[in-house]
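Colleague: Sequence and predicted structure, then a few things I'm wondering about:
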Amino acid sequence: MSALPLVQHRRIDVDGVEVFYRESVPTRADAPVLLLLHGFPTASHQFRRLIDALGDHYRLIAPDYPGFGNTVAPDDFDYTFDRLADITEGFVQQLGLTRFAMYIFDFGAPIGLRLATRHPEWISGLVVQNGNAYEAGLSEAAQGFVALRADHEGDEDVVRGLLTPEGTRSQYEGGVPDPTVLNPDAWTLDQHYLDLPGRKEAQVALAFDYKSNVARYPEWQSWLRKYTPPALIAWGANDMFFPESGAHAYLADLPDAELHLFDTGHFALETHVTEIAPLIADFLDRLPA
């Protein structure tokens, strides 16, 4: 039985935000680096099994954003995707990372692609897992989410409905053929963090700012065409928010990307980590040193 990798749990101050992160300690000092950018409504713990699978051979780094997980932000923090990207950018700089691959999932896609356009020299490759960057990848449910506005009566109630135990659990179970394979600890832990003081207000603010991501899709697509980073696309094909069409859309700008579809929902690592982890390992091994 192989031993699990050493994983460090740390906190650093980034512009007044106490950022919590998990980092594996690989056996090789020159191991490839993969920055893991989590989604909604979860945090860095969504990558726990992937870190266990790959952490011995690769340096995996997973921060919690402000408003998520164990990261602590000031009461007056401005919850927008630009600000989440600012903090993630500062986090990367504090760690001294200058060249790495990114795993972009859900909210991690707009955060990671903001980093990529600011610092194209940082990005050695992309692992894209249900992280959308195309209008073709927005389901009707996602389009309805994007259309929510703070000044529309009832829209905040729609967002808050997603922040309940039922709403959180449904995001894990949606599109999964056999929900009994899912570990309920995942959504239970997510709900614990959502129920902390101020967290629901943070999520409401981010929901109303989500339209800023869609507005930047053309910019990110242009970046993909210009820099053509090596890309591995591993996608839960039954995602209720970002369907299979979002995965195929990347091929218009990254025709050499490697695409794999899985019979599961949004949180593909919860059901298919044993299939996805070897794909990521092979992909990282093939990236230029």
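Modeller: Arrived safely, thanks for sending.

Colleague: Report pLDDT for L4.
Modeller: pLDDT, L4: 84.

Colleague: Run a quick neighbour tally on the closest residue to it other than its chain neighbours.
Modeller: Using C-beta to C-beta, 6 or more residues apart in numbering and skipping the chain neighbours, the partner closest in space to L4 is D52 (5.3 Å). For the C-beta atoms, the positions are set from N, CA and C on the backbone; glycine is no exception. Neighbourhood size, D52 [other C-beta atoms under 10 Å]: 17.

Colleague: what comes up buried for the helix or strand where D52 lies?
Modeller: For D52, the host element (DSSP states H and E) is helix 48-54. Going by neighbour count (16 or more other C-beta atoms under 10 Å), the buried part of helix 48-54 is 48-54.

Colleague: And these, which is closest to D15?
Modeller: I51 (26.0 Å; C-beta to C-beta).

Colleague: how far away is the closest one from F40?
Modeller: Here I51 is placed at a distance of 20 Å from F40 (C-beta to C-beta, to the nearest Å).

Colleague: shouldn't Q129 be in contact with A231?
Modeller: No - if you go by C-beta atoms under 8 Å, Q129 and A231 don't touch, sitting 11.2 Å apart.

Colleague: These two - which one has more neighbours?
Modeller: Remark: of Q129 and A231, Q129 carries more neighbours, 29 against 21, as counted by other C-beta under 10 Å.

Colleague: For the stretch 101-250 of the chain, which segments count as strands?
Modeller: 123-128, 231-236 (DSSP state E, counting those that start in this stretch).

Colleague: So what touches the last one?
Modeller: Strand 231-236 has contacts (C-beta atoms under 8 Å, 6 or more residues apart in numbering) with 125-130, 175, 244, 246-247, 250, 254, 256-262, 264-268, 271-272, 276, 279-280, 283.

Colleague: Mark which of these are buried, thanks.
Modeller: The buried subset of those - by 16+ other C-beta under 10 Å - is 125-130, 175, 244, 246-247, 250, 254, 257, 259-260, 262, 264-268, 271-272, 276, 279-280, 283.

Colleague: From the residues you listed, which land in helices?
Modeller: The members of these that map onto helices under DSSP state H are 244, 246-247, 268, 271-272, 276, 279-280, 283.

Colleague: And the helix or strand just after the helix holding D52, what does it pack against?
Modeller: Of the helices and strands lying after helix 48-54 in sequence (DSSP H and E), the nearest is strand 59-63. Counting contacts by 3 or more C-beta pairs under 8 Å, 6 or more residues apart in numbering; DSSP states H and E, strand 59-63 is packed against strand 17-25, strand 33-37, helix 48-54, helix 81-95.

Colleague: what's the spacing between the second one and its chain's center?
Modeller: Relative to its chain's centre, strand 33-37 lies at 10 Å (C-alpha atoms, centre = their mean, to the nearest Å).

Colleague: And the third one, by the same measure?
Modeller: Counting by C-alpha atoms, centre = their mean, helix 48-54 is centred 15 Å from the centre of its parent chain.

Colleague: again with stretch 43-52
Modeller: Distance, centroid of stretch 43-52 to centroid of chain: 11 Å (C-alpha atoms, centre = their mean).

Colleague: Ok, stretch 77-97 next?
Modeller: Worked out by C-alpha atoms, centre = their mean, stretch 77-97 lies 14 Å from the chain centre.

Colleague: What residues of it count as buried?
Modeller: Of the residues in stretch 77-97, those buried (16+ other C-beta under 10 Å) are 77, 79, 81, 83-92, 95.

Colleague: Show me what I12 bridges to in the sheet.
Modeller: V19 (DSSP bridges).

Colleague: Do I have it right that it meets P63?
Modeller: No - I12 is not in contact with P63 according to C-beta under 8 Å; the separation is 9.1 Å.

Colleague: quick one: common contacting residues for those two?
Modeller: Shared contacts of I12 and P63 (C-beta under 8 Å, 6+ apart): 19, 21, 91.

Colleague: which residues touch the residue nearest to P230 when sequence neighbours are not counted?
Modeller: What sits nearest to P230 in space, not counting adjacent residues and going by C-beta to C-beta, 6+ apart, is G125, at 4.2 Å. Listed by C-beta under 8 Å, 6+ apart, the contact partners of G125 are 101-102, 229-232, 283-284, 287.

Colleague: which of the residues you listed has the most neighbours?
Modeller: Neighbour max across those (other C-beta under 10 Å) = M102, 27 neighbours.

Colleague: Give me the local confidence score for that residue.
Modeller: Per the predicted model, pLDDT is 98 at M102.
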